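Visitor: Everything below, folded, please.
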Amino acid sequence: MPFTEEQTGYEKTNLSDLQGAWIVLRETVVDTEGFEGWDRVLLHIDEAMSWETVRNLKRMPPLLLVIRNLCAQGKAPQQVIEHIQYVDDILKEALMEFPN
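Guide: Here you go, the predicted structure:
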């Protein structure tokens, strides 16, 4: 019985860029952790990165809006705000590429 071999090449899509943007945003929030509500922001970031949300990208924009609002209310550092905008930009591209 032959073994299934792992693919050696992958097609790069906006989903990989989106995953990277969420990871960078999460790391930035963890590194700054000095603003009010940062722990709640992490909860919503983790939800946005969950398998269920990735399988239905239309669930991401409302989560990103909650994250943006929490960061605005908690006076998050500018670096966090910039990473939120980066996620938003890539998410818009991904939604155009993968309208589900």
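Visitor: rest of the way, CA atoms for contacts and neighbours
Guide: OK.
Visitor: Would you check how far apart the residue positioned nearest the centre of the chain and residue 47 are?
Guide: Per CA atoms, centre = their mean, the C-alpha nearest to the average position across the chain is that of residue 22, at 2.9 Å. Using CA to CA, to the nearest Å, residue 22 is found at 11 Å from residue 47.
Visitor: Give me the pLDDT for residue 4.
Guide: Reported pLDDT at residue 4 in the predicted model: 75.
Visitor: Can you give me every residue that contacts the spatially closest residue to residue 86 that is not a sequence neighbour?
Guide: If the residues on either side of it in the chain are set aside, residue 86 comes closest to residue 21, at 6.8 Å by CA to CA, 6 or more residues apart in numbering. By CA atoms under 8 Å, 6 or more residues apart in numbering, residue 21 lies in contact with 83, 86, 87, 90.
Visitor: Lowest average confidence across helices and strands of this structure, where is it?
Guide: When each helix and strand of the chain is scored by mean pLDDT, DSSP states H and E, helix 51-55 comes last, with a mean of 89.
Visitor: Off-centre distance for it?
Guide: Distance of helix 51-55 from the chain centroid (CA atoms, centre = their mean, to the nearest Å) equals 11 Å.
Visitor: Which SSE is immediately downstream of it?
Guide: helix 60-73 (DSSP states H and E).
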